[in-house]
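> Structure, please.
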Amino acid sequence: MRILITTQKVDKDDDVLGFFHNWIIKLAPHFSEVHVIALSVGKHDLPKNVHVYSLGKRRGDSGYLKTLRYIVRFYKYLFMLSGKYDAVFSHMNPEYIILAGWYWRLSDKKVFLWYNHKKGGLRLRFASLFSHKIFYTSPSAFTSRYKKSEKMPVGVDTELCKDIEVKREKNSLLSLGRISPVKNVEVIIEALSLLNKEGISFTSYIYGDPTDKDLSYYKEVLQGSENLTEEGALTFNKGVPYEKTPRIYSAYEIFINATPSGSFDKTILEAINCGMIPVICNEAFGKDFPKELLFTEGDSKDLKNKLEKLFNKNAEEKKELQKYLREHILKEHSLDDLILLLSDEIRS
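Prediction:
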């Protein structure tokens, strides 16, 4: 069977979307041909049966004229690839299905959409009309309401994301990922400020970059954390290539994620597999997630209290907590499990 994949970016060095490069590698053996159309293409090293086509987007590109060019290129590739694929898998971008769903339906192609955000909207509703099946990971995702939807594993690359033996800094905090309003980085900053005001000893590190549209938010975050950075309690770092994240996860003790319920942020599971203890507000992880590690969404004081209690645990208590997380939260979310289910669904 042959497949067409549409996605936002193919770039193994991208700090946010680099993981999808490994998805393509894992999917390739399940199909005779894999064609990938991406809005942007960077560094990649893929199997011989994978062919990648770029719509030409570069950072900073904007405007209706450039969007029109992307659309024209997309239709050019569709014409060029006519008859060379049997099914379509669109990852997180319903726009592709809006543009070509009618054509794929008329051409008798099965259409599969992966969409895992809490918010939907007209574009998602329209894309769902042309989709045969929709995949999601979070029970709070907008797409979970559809009868044609199916819950899937998150897809943690356990071969890549594993504990590396480096010295782990005690009472060290890490936040890693795109810096944007939906990530509620300001809540994390406020909690760190409360800890610092009480004289509690810790170090914290934020790794990530904003998109062009979130630059003003990023500046606000930097301004709001000036006291922390000046006192050496907080360090900002640029986003790093996906393949280098395991070494970062392995160097720190506690992972903070303030993303609200609705998405199943895989960085949390990656951090767990690299030996970290996460403190989160996302209830999508279910009843098995320890309440002592779950803070109230948007409540920086509650986050501060959860972190302080975690600081007070001894090494053995932290080790037992991390072991529980690996055994009860991480299970059934490996990339291999996801690819097997995904490929079976597409080929069925």
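> mind listing what's buried in stretch 171-190?
171, 173-180, 182-190 (16 or more other Cβ atoms under 10 Å). C-betas here are computed from N, CA, C, even on glycine.
> what does stretch 80-99 give?
The neighbour-count criterion (16+ other Cβ under 10 Å) identifies 81, 85-99 as the buried residues of stretch 80-99.
> Which ones among the residues you listed lie within strands?
87-91 (DSSP state E).
> How is this structure divided into domains?
Per automatic domain parsing, the domain ranges recorded for the chain read 2-155+333-347, 172-328.
> ok, back up a step: is it possible to export the ones in strands among the buried residues of stretch 80-99 to CSV including pLDDT and distance to Glu308?
What follows is these, written out as CSV (pLDDT from 0 to 100; distance: Cβ to Cβ, whole Å):
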residue, pLDDT, distance to Glu308
Ala87, 98, 51
Val88, 98, 49
Phe89, 98, 45
Ser90, 98, 44
His91, 97, 39
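> Let me know the closest of these to Leu122.
Nearest to Leu122 among these, counting by Cβ to Cβ, is Ser90 at 16.7 Å.
> For the closest one, which residues are in contact?
Counting by Cβ atoms under 8 Å, 6 or more residues apart in numbering, Ser90 touches 5-7, 96-97, 111-114, 127.
> could you list every residue that touches Val41?
Counted by Cβ under 8 Å, 6+ apart, Val41 has contacts 9-11, 52-54.
> Give me the buried subset of the residues you listed.
Using 16+ other Cβ under 10 Å as the threshold, 9-11, 52-54 are the buried ones among these.
> Show residues contacting the longest helix along the chain.
Criterion DSSP state H: the longest helix present in the chain is helix 64-80. By Cβ under 8 Å, 6+ apart, the residues outside helix 64-80 that reach it are 37, 39, 53, 55-57, 96, 99-100, 103.
> Buried residues, that helix. List them.
Here helix 64-80 shows 70, 73-74, 77-78 as buried, counting by 16+ other Cβ under 10 Å.
> which one of these is nearest Asn257?
Comparing the buried residues of helix 64-80 against Asn257 with Cβ to Cβ places Tyr70 closest, at 31.8 Å.
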